[in-house]
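Output the structure for:
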Amino acid sequence: MQELRIVLIVVGVLAIAGLLIHGLWTNKREQSGKFSDKPLSKLANESSTESDVVIPKSSPQEAPALEDDFDVVKVTKKSSKKEPSFSSFDDDIGDPLLDNHHDNSNEDVETIRPSVAVNTDELPTITISSDAYSKHEEEPSSAFIAKEPQAVESVELEPELTGVEPESTPVAAVTEPEEPELEVLVLHVKALPNQIFVGSDLFVSMEQNGLHFGPMDIYHRHADMSGTGKVLFSVANMLKPGTLSHDDPTTFTTEGISFFMTLPSFGDPEQNFKIMLHTAQMIADDLGGHVLDDKRSLMTRDRIDAFKRQIQNFVQRQKQKEISNIV
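Okay, the predicted model is just below:
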(Lines give C-alpha, C1' and ligand atoms only; values in the text may rest on other atoms or scores of the structure.)
Protein backbone atom coordinates (compact mmCIF):
# COMPACT_ATOMS: atom_id res chain seq x y z
CA MET A 1 0.00 0.00 0.00
CA GLN A 2 2.83 2.36 0.82
CA GLU A 3 4.56 1.65 -2.50
CA LEU A 4 1.31 2.33 -4.41
CA ARG A 5 1.03 5.74 -2.78
CA ILE A 6 4.59 6.62 -3.73
CA VAL A 7 4.01 5.55 -7.35
CA LEU A 8 0.82 7.64 -7.53
CA ILE A 9 2.64 10.69 -6.17
CA VAL A 10 5.47 10.35 -8.66
CA VAL A 11 3.06 9.85 -11.59
CA GLY A 12 1.05 12.88 -10.43
CA VAL A 13 4.16 15.05 -10.27
CA LEU A 14 5.22 13.94 -13.76
CA ALA A 15 1.73 14.55 -15.17
CA ILE A 16 1.53 18.05 -13.68
CA ALA A 17 4.99 18.87 -15.01
CA GLY A 18 4.00 17.64 -18.48
CA LEU A 19 0.80 19.60 -18.47
CA LEU A 20 2.67 22.71 -17.37
CA ILE A 21 5.18 22.33 -20.19
CA HIS A 22 2.41 21.66 -22.68
CA GLY A 23 0.54 24.80 -21.56
CA LEU A 24 3.63 26.96 -21.81
CA TRP A 25 4.38 25.59 -25.26
CA THR A 26 0.79 26.20 -26.47
CA ASN A 27 0.76 29.69 -25.03
CA LYS A 28 4.04 30.44 -26.73
CA ARG A 29 2.70 29.22 -30.08
CA GLU A 30 -0.50 31.27 -29.85
CA GLN A 31 1.29 34.41 -28.81
CA SER A 32 3.80 33.99 -31.64
CA GLY A 33 0.97 33.80 -34.18
CA LYS A 34 -0.85 36.79 -32.79
CA PHE A 35 2.23 38.97 -32.69
CA SER A 36 3.01 38.12 -36.29
CA ASP A 37 -0.52 38.88 -37.67
CA LYS A 38 -1.70 41.86 -35.62
CA PRO A 39 -0.24 44.98 -34.18
CA LEU A 40 0.39 45.21 -30.48
CA SER A 41 -2.57 47.53 -29.76
CA LYS A 42 -5.09 45.26 -31.47
CA LEU A 43 -3.65 42.22 -29.74
CA ALA A 44 -4.17 43.82 -26.35
CA ASN A 45 -7.85 44.73 -27.13
CA GLU A 46 -8.80 41.28 -28.38
CA SER A 47 -7.04 39.48 -25.57
CA SER A 48 -9.11 41.41 -23.01
CA THR A 49 -12.44 40.30 -24.57
CA GLU A 50 -11.73 36.81 -25.88
CA SER A 51 -9.26 35.38 -23.39
CA ASP A 52 -9.70 34.40 -19.77
CA VAL A 53 -6.11 35.17 -18.93
CA VAL A 54 -5.09 38.79 -18.56
CA ILE A 55 -1.47 39.30 -19.63
CA PRO A 56 -0.03 42.41 -18.07
CA LYS A 57 1.66 44.87 -20.46
CA SER A 58 5.37 45.12 -20.11
CA SER A 59 8.14 46.58 -22.09
CA PRO A 60 9.91 44.16 -24.39
CA GLN A 61 13.24 44.92 -22.78
CA GLU A 62 12.23 43.71 -19.27
CA ALA A 63 11.45 40.05 -18.68
CA PRO A 64 9.44 39.28 -15.54
CA ALA A 65 11.07 37.16 -12.90
CA LEU A 66 9.59 33.81 -12.05
CA GLU A 67 9.07 34.94 -8.46
CA ASP A 68 6.75 37.87 -9.47
CA ASP A 69 3.15 37.88 -8.13
CA PHE A 70 0.43 36.43 -10.29
CA ASP A 71 -2.67 38.26 -11.39
CA VAL A 72 -5.88 36.52 -10.32
CA VAL A 73 -9.02 36.33 -12.41
CA LYS A 74 -12.35 34.65 -11.78
CA VAL A 75 -13.68 32.23 -14.33
CA THR A 76 -17.33 31.06 -14.43
CA LYS A 77 -19.19 28.51 -16.47
CA LYS A 78 -20.63 31.30 -18.68
CA SER A 79 -17.25 32.30 -20.13
CA SER A 80 -17.15 32.02 -23.88
CA LYS A 81 -13.51 30.86 -24.02
CA LYS A 82 -11.54 28.93 -21.44
CA GLU A 83 -8.04 27.76 -20.98
CA PRO A 84 -7.32 24.08 -20.91
CA SER A 85 -8.33 22.93 -17.43
CA PHE A 86 -6.30 20.51 -15.34
CA SER A 87 -9.23 19.54 -13.14
CA SER A 88 -9.86 16.24 -14.91
CA PHE A 89 -6.26 15.22 -14.41
CA ASP A 90 -6.35 16.32 -10.81
CA ASP A 91 -9.41 14.19 -10.15
CA ASP A 92 -7.80 11.13 -11.71
CA ILE A 93 -4.44 11.28 -10.06
CA GLY A 94 -5.32 12.89 -6.79
CA ASP A 95 -3.99 11.21 -3.70
CA PRO A 96 -6.83 10.03 -1.47
CA LEU A 97 -4.68 10.90 1.56
CA LEU A 98 -4.35 14.52 0.47
CA ASP A 99 -7.95 15.10 -0.67
CA ASN A 100 -10.00 16.12 2.36
CA HIS A 101 -13.34 16.24 0.60
CA HIS A 102 -14.97 16.53 -2.81
CA ASP A 103 -17.73 19.07 -3.52
CA ASN A 104 -20.48 17.67 -5.75
CA SER A 105 -22.79 20.73 -5.70
CA ASN A 106 -24.31 22.08 -8.90
CA GLU A 107 -23.53 25.71 -8.12
CA ASP A 108 -21.13 27.81 -10.20
CA VAL A 109 -17.54 27.08 -9.38
CA GLU A 110 -15.10 29.90 -9.24
CA THR A 111 -11.65 28.83 -10.28
CA ILE A 112 -8.58 30.83 -9.49
CA ARG A 113 -5.84 30.40 -11.99
CA PRO A 114 -2.47 32.08 -12.21
CA SER A 115 -1.67 34.37 -15.09
CA VAL A 116 1.96 34.65 -15.91
CA ALA A 117 3.59 37.11 -18.28
CA VAL A 118 6.14 35.10 -20.13
CA ASN A 119 8.95 36.37 -22.25
CA THR A 120 9.15 34.00 -25.16
CA ASP A 121 12.76 34.85 -25.85
CA GLU A 122 13.92 33.73 -22.41
CA LEU A 123 11.67 30.75 -21.82
CA PRO A 124 13.47 28.20 -19.61
CA THR A 125 13.84 24.64 -20.73
CA ILE A 126 12.65 21.91 -18.34
CA THR A 127 14.28 18.53 -18.58
CA ILE A 128 13.26 15.47 -16.63
CA SER A 129 16.11 13.20 -15.75
CA SER A 130 15.70 9.47 -15.25
CA ASP A 131 17.94 9.78 -12.22
CA ALA A 132 15.40 12.03 -10.55
CA TYR A 133 12.67 9.51 -11.26
CA SER A 134 14.69 6.70 -9.81
CA LYS A 135 15.50 8.89 -6.82
CA HIS A 136 11.80 9.38 -6.21
CA GLU A 137 11.32 5.66 -6.30
CA GLU A 138 14.23 4.92 -3.98
CA GLU A 139 13.64 7.80 -1.55
CA PRO A 140 9.92 8.21 -1.03
CA SER A 141 8.66 11.29 0.69
CA SER A 142 8.94 11.06 4.42
CA ALA A 143 5.43 12.48 4.75
CA PHE A 144 3.92 9.26 3.36
CA ILE A 145 6.15 6.76 5.11
CA ALA A 146 4.18 4.98 7.71
CA LYS A 147 5.69 5.13 11.10
CA GLU A 148 7.07 1.81 12.10
CA PRO A 149 5.17 0.35 14.96
CA GLN A 150 7.13 0.47 18.13
CA ALA A 151 7.85 -2.77 19.82
CA VAL A 152 5.54 -3.24 22.69
CA GLU A 153 7.00 -5.00 25.63
CA SER A 154 5.11 -8.14 26.20
CA VAL A 155 3.79 -8.35 29.67
CA GLU A 156 2.92 -11.74 30.93
CA LEU A 157 -0.03 -11.55 33.22
CA GLU A 158 -0.46 -14.23 35.72
CA PRO A 159 -3.93 -15.68 35.38
CA GLU A 160 -6.12 -14.74 38.27
CA LEU A 161 -7.63 -17.77 39.80
CA THR A 162 -10.86 -16.53 41.25
CA GLY A 163 -13.21 -19.04 42.74
CA VAL A 164 -11.02 -21.93 41.64
CA GLU A 165 -9.59 -24.04 44.35
CA PRO A 166 -6.19 -25.60 43.66
CA GLU A 167 -6.29 -29.25 43.06
CA SER A 168 -5.27 -31.08 46.16
CA THR A 169 -2.39 -33.41 45.57
CA PRO A 170 -3.07 -36.86 46.85
CA VAL A 171 -1.21 -37.44 50.06
CA ALA A 172 -0.08 -40.91 50.77
CA ALA A 173 -1.79 -42.18 53.85
CA VAL A 174 0.70 -42.38 56.63
CA THR A 175 0.13 -45.57 58.49
CA GLU A 176 1.37 -45.71 61.97
CA PRO A 177 3.78 -48.55 62.55
CA GLU A 178 1.97 -51.53 63.92
CA GLU A 179 2.84 -52.42 67.42
CA PRO A 180 4.63 -55.71 67.53
CA GLU A 181 2.45 -58.62 68.52
CA LEU A 182 3.13 -59.71 72.05
CA GLU A 183 2.19 -62.86 73.89
CA VAL A 184 3.00 -63.77 77.46
CA LEU A 185 3.50 -67.32 78.77
CA VAL A 186 2.83 -67.60 82.51
CA LEU A 187 3.65 -70.36 85.07
CA HIS A 188 3.23 -70.39 88.80
CA VAL A 189 4.96 -72.14 91.74
CA LYS A 190 2.59 -72.28 94.72
CA ALA A 191 3.15 -73.49 98.24
CA LEU A 192 1.11 -76.41 99.59
CA PRO A 193 -2.22 -75.57 101.17
CA ASN A 194 -1.92 -73.85 104.56
CA GLN A 195 1.78 -73.27 103.94
CA ILE A 196 3.92 -70.28 102.78
CA PHE A 197 7.30 -69.68 101.28
CA VAL A 198 9.83 -67.97 103.57
CA GLY A 199 12.19 -65.51 101.98
CA SER A 200 15.37 -67.01 103.33
CA ASP A 201 14.64 -70.36 101.61
CA LEU A 202 12.96 -68.85 98.52
CA PHE A 203 15.67 -66.41 97.53
CA VAL A 204 18.45 -69.01 98.03
CA SER A 205 16.65 -71.49 95.74
CA MET A 206 16.00 -68.86 93.08
CA GLU A 207 19.62 -67.74 93.01
CA GLN A 208 20.86 -71.34 92.83
CA ASN A 209 18.72 -71.82 89.65
CA GLY A 210 20.28 -68.89 87.83
CA LEU A 211 17.87 -66.05 88.77
CA HIS A 212 19.20 -62.59 89.68
CA PHE A 213 17.47 -59.73 91.49
CA GLY A 214 17.20 -56.70 89.20
CA PRO A 215 14.96 -54.02 87.65
CA MET A 216 11.38 -53.62 88.90
CA ASP A 217 12.43 -55.33 92.15
CA ILE A 218 11.98 -58.78 90.69
CA TYR A 219 14.24 -61.67 89.59
CA HIS A 220 15.36 -62.28 86.01
CA ARG A 221 16.95 -65.10 84.05
CA HIS A 222 19.51 -63.82 81.53
CA ALA A 223 21.04 -65.54 78.56
CA ASP A 224 24.26 -65.80 80.56
CA MET A 225 24.09 -67.55 83.90
CA SER A 226 26.30 -64.86 85.41
CA GLY A 227 23.41 -62.39 85.10
CA THR A 228 24.45 -60.59 81.87
CA GLY A 229 22.94 -60.51 78.42
CA LYS A 230 19.34 -60.49 77.27
CA VAL A 231 16.55 -61.43 79.66
CA LEU A 232 14.91 -64.76 78.81
CA PHE A 233 12.15 -64.67 81.43
CA SER A 234 11.39 -63.10 84.80
CA VAL A 235 9.97 -64.11 88.23
CA ALA A 236 7.65 -61.94 90.38
CA ASN A 237 5.60 -62.27 93.57
CA MET A 238 2.27 -63.98 93.07
CA LEU A 239 0.70 -61.53 95.52
CA LYS A 240 0.28 -57.81 94.95
CA PRO A 241 2.18 -55.57 94.38
CA GLY A 242 4.25 -58.34 92.73
CA THR A 243 7.66 -57.19 93.90
CA LEU A 244 10.21 -59.35 95.70
CA SER A 245 12.07 -56.59 97.47
CA HIS A 246 13.04 -57.27 101.08
CA ASP A 247 15.13 -55.85 103.89
CA ASP A 248 15.36 -59.09 105.86
CA PRO A 249 14.82 -62.39 103.99
CA THR A 250 13.68 -64.09 107.17
CA THR A 251 10.69 -61.75 107.51
CA PHE A 252 9.55 -62.04 103.86
CA THR A 253 6.83 -64.54 103.15
CA THR A 254 4.56 -65.31 100.16
CA GLU A 255 2.11 -67.96 98.96
CA GLY A 256 3.90 -68.36 95.67
CA ILE A 257 5.83 -66.86 92.74
CA SER A 258 4.96 -66.33 89.05
CA PHE A 259 7.16 -67.02 86.01
CA PHE A 260 6.43 -65.16 82.78
CA MET A 261 8.10 -65.11 79.37
CA THR A 262 7.32 -62.61 76.60
CA LEU A 263 7.04 -63.53 72.94
CA PRO A 264 8.95 -62.68 70.83
CA SER A 265 11.98 -63.32 72.97
CA PHE A 266 15.71 -63.41 72.55
CA GLY A 267 16.99 -66.64 71.05
CA ASP A 268 14.82 -69.72 70.56
CA PRO A 269 11.46 -69.24 72.28
CA GLU A 270 10.83 -72.99 72.67
CA GLN A 271 14.20 -73.46 74.29
CA ASN A 272 13.58 -70.51 76.58
CA PHE A 273 10.23 -71.99 77.63
CA LYS A 274 11.91 -75.28 78.49
CA ILE A 275 14.42 -73.43 80.67
CA MET A 276 11.62 -71.55 82.44
CA LEU A 277 9.60 -74.74 83.04
CA HIS A 278 12.65 -76.61 84.30
CA THR A 279 13.54 -73.72 86.68
CA ALA A 280 9.97 -73.66 88.07
CA GLN A 281 10.01 -77.43 88.70
CA MET A 282 13.39 -77.19 90.48
CA ILE A 283 12.20 -74.42 92.85
CA ALA A 284 8.91 -76.28 93.49
CA ASP A 285 10.88 -79.37 94.45
CA ASP A 286 13.18 -77.39 96.75
CA LEU A 287 10.34 -75.64 98.61
CA GLY A 288 7.73 -78.43 98.45
CA GLY A 289 5.30 -76.65 96.16
CA HIS A 290 3.37 -77.31 92.96
CA VAL A 291 3.85 -76.05 89.38
CA LEU A 292 0.67 -74.45 88.00
CA ASP A 293 -0.32 -73.23 84.51
CA ASP A 294 -1.56 -69.74 83.58
CA LYS A 295 -5.02 -70.66 84.95
CA ARG A 296 -3.44 -71.81 88.20
CA SER A 297 -4.20 -75.42 87.50
CA LEU A 298 -1.71 -78.23 87.97
CA MET A 299 0.70 -78.47 85.07
CA THR A 300 0.11 -81.54 82.94
CA ARG A 301 1.68 -82.97 79.82
CA ASP A 302 -1.21 -81.72 77.70
CA ARG A 303 -0.78 -78.18 79.05
CA ILE A 304 2.93 -78.33 78.27
CA ASP A 305 2.16 -79.41 74.67
CA ALA A 306 -0.39 -76.57 74.42
CA PHE A 307 2.27 -74.04 75.43
CA LYS A 308 4.61 -75.45 72.78
CA ARG A 309 1.92 -75.18 70.07
CA GLN A 310 1.22 -71.61 71.11
CA ILE A 311 4.90 -70.79 70.70
CA GLN A 312 5.07 -72.49 67.26
CA ASN A 313 2.00 -70.66 65.98
CA PHE A 314 3.40 -67.35 67.12
CA VAL A 315 6.70 -67.99 65.34
CA GLN A 316 4.84 -68.97 62.15
CA ARG A 317 2.83 -65.74 62.15
CA GLN A 318 5.98 -63.70 62.59
CA LYS A 319 7.58 -65.35 59.55
CA GLN A 320 4.53 -64.67 57.40
CA LYS A 321 4.59 -60.99 58.38
CA GLU A 322 8.23 -60.72 57.46
CA ILE A 323 7.56 -62.24 54.02
CA SER A 324 4.60 -59.90 53.35
CA ASN A 325 6.69 -56.88 54.31
CA ILE A 326 9.42 -57.90 51.86
CA VAL A 327 6.91 -58.36 49.00
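
Could I get the phi/psi values of His212?
phi -130, psi 140 (degrees, to the nearest 10).

Doesn't His220 belong to a strand?
Yes: counting by DSSP: H, G, I helix; E, B strand; the rest coil, His220 falls inside a strand.

check contacts around it.
Residues near His220 by C-beta atoms under 8 Å, 6 or more residues apart in numbering: 211-212, 214, 227, 231, 233-235. Every residue, glycine included, has its C-beta placed from N, CA and C.

what domains does the record give for the chain?
Annotated domains of the chain cover 2-57+64-144, 183-326 [automatic domain parsing].

quick one: buried residues of the lengthiest helix in the chain?
Assignment by DSSP state H gives helix 2-37 as the longest helix of the chain. Neighbour counts using 16 or more other C-beta atoms under 10 Å place 5-6, 8-10, 12, 24, 27 of helix 2-37 among the buried residues.

helices or strands next to it in the packing?
helix 40-50, helix 87-93, helix 130-138 (3 or more C-beta pairs under 8 Å, 6 or more residues apart in numbering; DSSP states H and E).

just to revisit the earlier point, which of the contacts of His220 are buried? Put it as a ChimeraX command.
Buried residues among the contacts of His220 (16+ other C-beta under 10 Å), as a ChimeraX selection:
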select :211,231,233,234,235
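
Let's see which of the contacts of His220 end up in strands.
Among the contacts of His220, DSSP state E puts 212, 231, 233-235 in strands.

Max pairwise distance over those: which two?
Using C-beta to C-beta, the pair of the ones in strands among the contacts of His220 lying farthest apart is His212 and Phe233, separated by 12.1 Å.

okay, Trp25: pLDDT?
Here the pLDDT value assigned to Trp25 is 85.

Please apply the same query to Ile283.
97.

Check which helices and strands the helix or strand it falls within sits against.
Element membership for Ile283, per DSSP states H and E: helix 269-287. If contacts are counted by 3+ C-beta pairs under 8 Å, 6+ apart, helix 269-287 sits against strand 183-191, helix 199-208, strand 219-222, strand 231-237, strand 256-263, strand 289-292, helix 301-326.

Could you tell me the angle between the fifth one and helix 301-326?
The one in question is strand 256-263. Interaxial angle, strand 256-263 versus helix 301-326 (axes from the mean of the first three to the mean of the last three C-alpha atoms, to 10 degrees): 30 degrees.

Just send the helices and strands packed on helix 269-287 back as JSON lines, with mean pLDDT and distance to Asn272 too.
JSON lines is the format used below for those (pLDDT from 0 to 100; distance: least, C-beta to C-beta, whole Å):
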{"stretch": "strand 183-191", "mean pLDDT": "96", "distance to Asn272": "9"}
{"stretch": "helix 199-208", "mean pLDDT": "95", "distance to Asn272": "17"}
{"stretch": "strand 219-222", "mean pLDDT": "96", "distance to Asn272": "9"}
{"stretch": "strand 231-237", "mean pLDDT": "96", "distance to Asn272": "5"}
{"stretch": "strand 256-263", "mean pLDDT": "96", "distance to Asn272": "6"}
{"stretch": "strand 289-292", "mean pLDDT": "96", "distance to Asn272": "17"}
{"stretch": "helix 301-326", "mean pLDDT": "92", "distance to Asn272": "9"}
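
Which stretch among the ones you listed approaches Leu20 most closely?
Going by C-beta to C-beta, the one of the helices and strands packed on helix 269-287 nearest Leu20 is helix 301-326, 106.8 Å.

Could you pull out the buried residues of the closest one?
For helix 301-326, burial by neighbour count (16+ other C-beta under 10 Å) applies to 303, 307, 311, 314.

Surely the last one is in contact with Pro269?
The reference is to Phe314. Yes: taking C-beta atoms under 8 Å as the definition, Phe314 is a contact partner of Pro269 at 7.3 Å.

what residues are shared contacts of those two?
With C-beta under 8 Å, 6+ apart, Phe314 and Pro269 have common neighbours Leu263.

about what we covered before: if we only consider the buried residues of helix 2-37, which is nearest to Val184?
Checking the buried residues of helix 2-37 against Val184 with C-beta to C-beta, the nearest one is Arg5 at 105.3 Å.

pLDDT value on Lys82, please?
In this model, Lys82 is scored at 46, pLDDT.

cool, Gly33 as well?
61.

re the thing from before, tabulate the helices and strands packed on helix 269-287 in CSV, adding columns for distance to Ile275.
Shown next, in CSV, are those (distance: least, C-beta to C-beta, whole Å):
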stretch, distance to Ile275
strand 183-191, 12
helix 199-208, 14
strand 219-222, 7
strand 231-237, 6
strand 256-263, 9
strand 289-292, 14
helix 301-326, 13
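
Okay, now the unreliable bits of this protein?
32-180, 327 (pLDDT under 70).

what do you get if the cut-off is 80, keeping everything else the same?
Residues of the chain that meet the criterion pLDDT under 80 lie in 1, 29-180, 327.

So Leu182 sits against Thr262, correct?
Yes: the pair Leu182 / Thr262 is scored as a contact, 6.2 Å apart, by C-beta under 8 Å.

So the two - more neighbours on which side?
Thr262 (16 against 9; other C-beta atoms under 10 Å).
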